[in-house]
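*Asks:* Sharing a model prediction with you, sequence too.
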Number of protein chains: 12
Amino acid sequence: MNVMVIHGPNLNLLGTREPEVYGSQTLADINKMLEDEAKGLGITLKTTQSNSEGALVDAVQAAAKWAQVILINPGAYTHTSIALRDAIAGVSVPTIEVHLSNVHAREEFRRHSFISPVAVGQICGFGIESYRLALHAARKLASPK
Amino acid sequence: MNVMVIHGPNLNLLGTREPEVYGSQTLADINKMLEDEAKGLGITLKTTQSNSEGALVDAVQAAAKWAQVILINPGAYTHTSIALRDAIAGVSVPTIEVHLSNVHAREEFRRHSFISPVAVGQICGFGIESYRLALHAARKLASPK
Amino acid sequence: MNVMVIHGPNLNLLGTREPEVYGSQTLADINKMLEDEAKGLGITLKTTQSNSEGALVDAVQAAAKWAQVILINPGAYTHTSIALRDAIAGVSVPTIEVHLSNVHAREEFRRHSFISPVAVGQICGFGIESYRLALHAARKLASPK
Amino acid sequence: MNVMVIHGPNLNLLGTREPEVYGSQTLADINKMLEDEAKGLGITLKTTQSNSEGALVDAVQAAAKWAQVILINPGAYTHTSIALRDAIAGVSVPTIEVHLSNVHAREEFRRHSFISPVAVGQICGFGIESYRLALHAARKLASPK
Amino acid sequence: MNVMVIHGPNLNLLGTREPEVYGSQTLADINKMLEDEAKGLGITLKTTQSNSEGALVDAVQAAAKWAQVILINPGAYTHTSIALRDAIAGVSVPTIEVHLSNVHAREEFRRHSFISPVAVGQICGFGIESYRLALHAARKLASPK
Amino acid sequence: MNVMVIHGPNLNLLGTREPEVYGSQTLADINKMLEDEAKGLGITLKTTQSNSEGALVDAVQAAAKWAQVILINPGAYTHTSIALRDAIAGVSVPTIEVHLSNVHAREEFRRHSFISPVAVGQICGFGIESYRLALHAARKLASPK
Amino acid sequence: MNVMVIHGPNLNLLGTREPEVYGSQTLADINKMLEDEAKGLGITLKTTQSNSEGALVDAVQAAAKWAQVILINPGAYTHTSIALRDAIAGVSVPTIEVHLSNVHAREEFRRHSFISPVAVGQICGFGIESYRLALHAARKLASPK
Amino acid sequence: MNVMVIHGPNLNLLGTREPEVYGSQTLADINKMLEDEAKGLGITLKTTQSNSEGALVDAVQAAAKWAQVILINPGAYTHTSIALRDAIAGVSVPTIEVHLSNVHAREEFRRHSFISPVAVGQICGFGIESYRLALHAARKLASPK
Amino acid sequence: MNVMVIHGPNLNLLGTREPEVYGSQTLADINKMLEDEAKGLGITLKTTQSNSEGALVDAVQAAAKWAQVILINPGAYTHTSIALRDAIAGVSVPTIEVHLSNVHAREEFRRHSFISPVAVGQICGFGIESYRLALHAARKLASPK
Amino acid sequence: MNVMVIHGPNLNLLGTREPEVYGSQTLADINKMLEDEAKGLGITLKTTQSNSEGALVDAVQAAAKWAQVILINPGAYTHTSIALRDAIAGVSVPTIEVHLSNVHAREEFRRHSFISPVAVGQICGFGIESYRLALHAARKLASPK
Amino acid sequence: MNVMVIHGPNLNLLGTREPEVYGSQTLADINKMLEDEAKGLGITLKTTQSNSEGALVDAVQAAAKWAQVILINPGAYTHTSIALRDAIAGVSVPTIEVHLSNVHAREEFRRHSFISPVAVGQICGFGIESYRLALHAARKLASPK
Amino acid sequence: MNVMVIHGPNLNLLGTREPEVYGSQTLADINKMLEDEAKGLGITLKTTQSNSEGALVDAVQAAAKWAQVILINPGAYTHTSIALRDAIAGVSVPTIEVHLSNVHAREEFRRHSFISPVAVGQICGFGIESYRLALHAARKLASPK
């Protein structure tokens, strides 16, 4: 089973950016943890990150040719990108929305998501554990029984 | 480790209520699955369900005396109950919000949650798998390392 | 044919509560009138009242096991209860919404109903005659021809 | 007792227009049914239909000289016509608002009615049965005892 | 003179719940203080608390048969309960709204009260002193001179 | 100098319609008063009334061929008719908006006017005196010095 | 192939009304151009214009009996008429919405259209060329290949 | 008959301030015109101007002891001053609202008036003629016959 | 202990202004009552009133040099004055907001207070008793035990 | 005559993405059709596509140096990109907005366009025919006669 | 070159008022710094401060007779005063808006400015440096080269 | 001291784009002026421009490794980019927001800034002088004394 993990804008800052909100682990740490976990689940993993909305749209389109499930943390584009939403709706790959922080407990403008309505589900607020849970959810989506 | 699972209004209808939205498993099935999973995780579990906002507030208050983590699917009260929010904020037990369906993809009024801002995090959209993932998240909250 | 009549909050005050708005007849008078009318229509009737949202949800769920039609005056919960809406949508019993007063001619917040979208129809503004008309509508729903 | 029945815009399309929403009976069928029912209730009936807001205002003003009660299905003008509202408020004839479909369960813009606040009451969602119930309500208004 | 004091949801947590907002005194302390004060004012006092909206509606209705004034701290239901508002408006007992904290200085959703428009007045922000002042206001209402 | 006076919907009810709001004089009385006044001002007057938005648009278009000033009381169409607004903006005849009642002191929906932004000015709240003042204003528009 | 062209309110003013917005050609010029163009496309054309919402509803209903496609410039009723929307939705004739000016670049209230959601498509901003393009679109709708 | 004329903020700039909006006449010119006109109508006139909201409140209160009618051009305070509204409502002197420009045709924030609902009526858009018409309206208010 | 009492706009009209809303006692009566009460509480009192927002800001700033507590009835400025809010927040004197009437039960625009979030608490709806209670609250603030 | 055709995000998915909404033809098919059509009209055509907002801004800026008209289908950026709007407004090349689907009949957030106010006009809802019509409109813009 | 510096409400509290927001320097310090700086720039400076909206309007009007540029920190009136806006728009002196704090990063109601649209530009967030920069901007306005 | 200057979308059009709004100087002119000014202030300067949101996020992240202060003119992304906001908040480099035009005096949608709340301050409306003032502000930030 193939899973594409797409990290959105500013996630490459992890570990240095507002650690009281996002924790002290780096994006490399998260990717390492995910790859370890993926092995145990029989999942082949690819990961990518971009600060560009267009590049993320490209990534979703590319993922559609390889992955059975997409894991995406759209970061700030969660709240502003209809293009990303259209990309996810346009490919036929089930997509899981992940956030490190509890976006619902932050600024008002972070409470609206253009992505959620086209995702299968959402996991947020558990730090990097959000990603690990999402990987398990992906595993389950592929073999629900 | 003790975890209290609180099911909100109409979840006792599961299996019969709009199965295309909520799936065909009953609440008993979910509780059974959770108890099995809990054993493997070294978690002692209690579960309860009520259609009454006041009874759910009571349940949260009671849970605070016994549980290290609360798992709550507040159902419709997610969107209307400040009393439930205040109960969760008022006790000092980390709480995880769970939904079977992807609430963000449904009616507009289901996109606002009074509960999320006082929860640790939210998992929604994965059917009963949402609960299983939440139990793992609870496990992790108690022993983050 | 079985019809369950569910009266919402403060309807037990009828006859004493703001009679210029709600009239001088008591809830017992209404139930008596409905039972008399029901006999003529070959309808078996049960009635219940509660001030509790949760108890009303319970009542709707219970009605689903016995009644072919539910008549409900959700009172103030009309405007605030998604739990009641979900209960009605969750059971598969056609439901008729009734109001004594013309809710559309009162405070702004009484003009929005969470219940109407999941009801078959609405009758309001005719005092206790609203209930009598609703009983006839129920009769018709069961045998449309 | 005299009752004026006023049908608003597009009701002349009944039977052909979106039958899954409005049913398969024509306006003539409805008028026929109403006239039969009226006889049994000792009511003299007149009916009229127009697609023009102004003509409906005229009809309400004219009705005021003859009818004890007006039955009106304002159709789309329910949501846009203050002129019709003013006409109903301006004549002193009690008016009952009728809708074939459950307007509250449709598009958002159909949930606001300029007419309801000046009507005695509203009946909606029961197809042509809405009209029949309204006729009975009219009968009762004239002789409440 | 009889005064009914009704405490709303989560007030039973007082002393343990967010003490930096609500202070360290328990509900029993407040009731004790009120009873002492009541004696000096020639007031017979009853107190009750519930987490349930319906039970609070019941309490208001019951109070109407005995009390000359109701003191109510509706807690979270202040902002969500039309049922409680209707109960207060439906009985003819003057009601005083009390809050421990200054609700106007907190989250936006706490700035709207369904209760205030049907209360005589409101006292908030003085901790348990809010209750004591309200008792004096009640005394005055009964004998304004 | 030629002035066209256009009366909108329900103004033909004047004298019978809600006299506490609109006074007891009929539309004929107003037209008579205006004609008397017009003579003294050297104004040739025509008056018309319609309940139909389209007919009022027609009247504005027709007036443009004859009148130097239009006096219009758009009644309810003040608040809903962009067609009437476009007609006034489309002809190049200065137009004065008149209301018998103080529309700004009534329901919220009467406080917005589609007509005012394309009128020269507005006179409201003085009963039929509003019309007389408007006629004087018209006189002045034609010969400002 | 039959095409009905329906011109809405104030379009009869064309050529004189605000020529800087709407151009200097008259409605007759437009109809002439359309008829010439129609011949080349093998289309039989009828045209009509009215300032009355009701008459436009009538026209849409009448067109349904003859035309394969309706071309409509609803003018100001674009933004206010649900009756016209219902007429278009109620007949089963594909309808194309046309505007001379770019309505999206004008006042805020011209940016909302009740008609667009029930039309096949919209062409606006090209002056009378908008109509010519719409005729070609109509031709294509009838024979898409 | 005594009439108090109260000019609000920035009206002392008249003649120099944005003459294309407000004309080239000074406040002294307006007062002179009003005094001339007043003589002919048997009215004793006082005039005052202030840029201060508080001073305008004082002026309204003072006027109440002498004038039968107040003419007020509240300028910018029209849109922001509840204090001025309360002063007008608090004294029992009929008040007429005057504006030089057509406030309804300007910025959105100038379309809401706190003053209008407590005034008898409003005259706007006719330049200094607005004042002259208002004086005649005042005359009529005092002797309506 | 020193307490400054600041009365806002139009409170000098008390006794004559809308007595059905504000009662028949004058401001002098209120000040006399407060002084009598203050003596019994060991409080030195100063009182002031102004219709000017700026003067009220001055008064708050001046009070800061002398008073331990400020009692303020900001009248209409409650709803419009950020300057007054800033003054209260800028000085470090605890401030109590008082209203004679129940502002929450009046016009919508009176339900928002710029002052409440920077006040200790609010007392409203008890007529002049509101002031007396506030004085007691002030007493308590200074010596909470 | 030179025309630049700019396709926005996800249009490269055409033919595979939601074919029930966007049809089964690919972007290459559209470009081919446009080039064929362009030849007949004496138009030299260039086409480009990007998923990146910035690249589309670049494309508009580049087009300005070569093209007489720009045809743009901004896709999702229609609703979110002020940068694209500024680019179009900033170059002095007339621009035509094209959409395959009828954007006005879809989700609420697709009904607002940042692009329309700076475009000459808009064509939407006719599938790839929208593009063909736009090319003809471009032709006409360049030689209006 | 003459520059008038106008300080709004509560700026006289500087140095004592919320120093964590506004810094520890007094208004006298700011004026001293400005005067020193002005000398170096060949600017003659006058400064004034008031807590009264009306007095600030007066100050703007007075400045117009002497100054080539106005520097204004409107404080709280930034967000509430249309009178001040009208004064600035009414005199023909270029005006620069200054704020000590970054008003855009504070309460929501501080993000709207009635003054900005009539000012040349805005400088905020740099403490007293905001004023110094504004003085340089004023210098440049007078001799742009 | 190092300062990074980041120019947002369409600023590369300067000199040709809407010169009446943005002036006739090119971006190269601005950069030249800034470099000259920087030398005098002992500042080492780098400048960059991009039309891409993602590239601007990259630029902010890169700047964090070298600059003590960032100067950014986010252009249209000011109003739409949460990603840019997050980048600025995520790096710990003080950032100054600059605009050539007075954004507060333009379209409504330009009055909201996602960037301002995370910037130190804002300078706008002075053309290229805005940049020069911002450079001085940067200088001061680094050595406040």
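*Replies:* Noted; the coordinates are in hand. Numbering: from 1, shown residues only, chains lettered A, B, ... in the order given.
*Asks:* My guess is A:Leu133 contacts B:Leu135. True?
*Replies:* No: using Cβ atoms under 8 Å, A:Leu133 is not in contact with B:Leu135, being 10.3 Å away. Yep, even glycine has a C-beta here, placed from its N, CA and C like the rest.
*Asks:* pLDDT wise, what is the residue of chain A at minimum distance from chain E at?
*Replies:* Going by Cβ to the nearest Cβ, chain E is nearest to A:Glu108 of chain A, at 9.2 Å. As predicted, A:Glu108 sits at a pLDDT of 90.
*Asks:* number of nearby residues for it?
*Replies:* Here the number of neighbours of A:Glu108 (other Cβ atoms under 10 Å in any protein chain shown) works out to 8.
*Asks:* What separation is there between it and chain B?
*Replies:* Remark: distance between A:Glu108 and chain B (Cβ to the nearest Cβ, to the nearest Å) = 11 Å.
*Asks:* need the contact list for that residue.
*Replies:* By Cβ atoms under 8 Å, 6 or more residues apart in numbering or on different chains, the contact list for A:Glu108 is empty.
*Asks:* Ramachandran angles for it?
*Replies:* A:Glu108 adopts backbone torsions of phi -50, psi -40, taken as degrees, to the nearest 10.
*Asks:* What is the burial count for the closest residue to A:His112 other than its chain neighbours?
*Replies:* In space, and not counting its chain neighbours, A:His112 is closest to A:His79: 5.8 Å by Cβ to Cβ, 6 or more residues apart in numbering or on different chains. Residues lying near A:His79 (other Cβ under 10 Å) number 19.
*Asks:* Might you report the residue contacts of the one residue in chain A that gets nearest to chain D?
*Replies:* Minimum separation of chain A from chain D (Cβ to the nearest Cβ) falls at A:Pro117, amounting to 17.4 Å. Shown in contact with A:Pro117 (Cβ under 8 Å, 6+ apart): A:Arg85, B:Asn102, B:His104, B:Ala105.
*Asks:* Look at it and tell me its secondary structure.
*Replies:* helix (DSSP: H, G, I helix; E, B strand; the rest coil).
*Asks:* what's the spacing between it and chain F?
*Replies:* Counting by Cβ to the nearest Cβ, the gap from A:Pro117 to chain F is 33 Å.
*Asks:* what's the spacing between stretch A:77-85 and its chain's center?
*Replies:* In terms of Cα atoms, centre = their mean, to the nearest Å, the centre of stretch A:77-85 is found 13 Å from the chain centre.
*Asks:* any weak-confidence spans in chain A?
*Replies:* A:22, A:144-145 (pLDDT under 70).
*Asks:* Write out the residues of it neighbouring chain J.
*Replies:* By Cβ under 8 Å from any Cβ of the partner chain, the residues of chain A that approach chain J are A:52-55, A:57-58, A:61, A:80-83, A:85-87, A:89-91, A:114.
*Asks:* same thing but at 10 Å, please
*Replies:* A:52-61, A:64, A:80-92, A:114, A:117 (Cβ under 10 Å from any Cβ of the partner chain).
*Asks:* Which of those residues are buried, as a PyMOL select command?
*Replies:* Typed into PyMOL, the line below selects the buried ones among the residues of chain A next to chain J, using 16 or more other Cβ atoms under 10 Å in any protein chain shown:
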select buried, chain A and resi 52+53+54+55+56+57+58+59+60+61+64+80+81+82+83+84+85+86+87+88+89+90+91+114
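*Asks:* quick revisit: can you name every helix or strand that the host helix or strand of the residue nearest to A:His112 contacts?
*Replies:* If you go by DSSP states H and E, A:His79 is part of helix A:77-80. For helix A:77-80, the elements it packs on are helix A:53-63, helix A:82-90, helix L:53-63, helix L:82-90, judged by 3 or more Cβ pairs under 10 Å, 6 or more residues apart in numbering or on different chains; DSSP states H and E.
*Asks:* Please report the distance of the residue in chain A that chain I sits nearest to from L:Ala83.
*Replies:* Taking Cβ to the nearest Cβ, chain I has its nearest neighbour within chain A at A:Glu108, 17.5 Å off. To L:Ala83, A:Glu108 is 17 Å away according to Cβ to Cβ, to the nearest Å.
*Asks:* Tell me which residues touch the residue nearest to A:Arg111 when sequence neighbours are not counted, please.
*Replies:* Leaving aside its sequence neighbours, A:Arg111 sits nearest to A:His104 (Cβ to Cβ, 6+ apart; 5.7 Å). With contact set as Cβ atoms under 10 Å, 6 or more residues apart in numbering or on different chains, A:His104 has these partners: A:110-111, A:113, A:122, A:124-125, B:97, B:112-119, B:121-122.
*Asks:* what do you get for A:Asn2?
*Replies:* Here A:Asn2 is in contact with A:38, A:43-46, A:63, A:66-70, A:93, A:138, A:142 (Cβ under 10 Å, 6+ apart).
*Asks:* those strands in chain A, which residues are they?
*Replies:* A:2-7, A:44-49, A:69-73, A:95-99, A:121-124 (DSSP state E).
*Asks:* Go through these and pick out the most buried.
*Replies:* Of all the strands of chain A, strand A:121-124 carries the top mean neighbour count, a mean of 29, counting by mean count of other Cβ atoms under 10 Å in any protein chain shown.
*Asks:* Would that strand count as contacting chain L?
*Replies:* No: Strand A:121-124 is not in contact with chain L by Cβ under 10 Å from any Cβ; minimum separation 15.7 Å.
*Asks:* Can you list the strands that that strand pairs with?
*Replies:* Using DSSP bridges, the strands paired with strand A:121-124 are strand A:95-99 (parallel), strand B:121-124 (antiparallel).
*Asks:* these two touch, right, A:Arg17 and L:Val57?
*Replies:* No: with contacts counted by Cβ atoms under 10 Å, A:Arg17 stays clear of L:Val57, the gap being 11.9 Å.
*Asks:* shared neighbours of these two, anything?
*Replies:* A:Asn10, L:Asp86, L:Ala87, L:Gly90.
*Asks:* Roughly how far does the third one sit from chain F?
*Replies:* Computed with Cβ to the nearest Cβ, the distance linking L:Ala87 and chain F is 42 Å.
*Asks:* and if you look at the second one?
*Replies:* Computed as Cβ to the nearest Cβ, the L:Asp86 to chain F distance reads 40 Å.
*Asks:* From L:Pro9, how far off is that residue?
*Replies:* From L:Asp86 to L:Pro9 the distance is 18 Å (Cβ to Cβ).
*Asks:* List just the nearest of the contacts of A:Asn2 to chain K.
*Replies:* Closest to chain K, out of all of the contacts of A:Asn2 and judged by Cβ to the nearest Cβ, is A:Ile70, at 35.9 Å.
*Asks:* Not counting sequence-adjacent ones, nearest residue to that closest one?
*Replies:* That would be A:Thr95: by Cβ to Cβ, 6+ apart, it lies 4.3 Å from A:Ile70.
*Asks:* Do I have it right that that neighbour meets A:Asn73?
*Replies:* No: using Cβ under 10 Å, A:Thr95 is not in contact with A:Asn73; the gap is 11.2 Å.
*Asks:* Now do the contacts for the closest residue to A:Leu41 other than its chain neighbours.
*Replies:* Spatial nearest neighbour of A:Leu41, chain neighbours left out: A:Arg139 (4.8 Å); criterion: Cβ to Cβ, 6+ apart. A:Arg139 sits next to A:Met1, A:Val3, A:Glu37, A:Ala38, A:Gly40, A:Leu41, A:Gly42, A:Ile43, A:Val69, B:Glu129 when contact means Cβ under 10 Å, 6+ apart.
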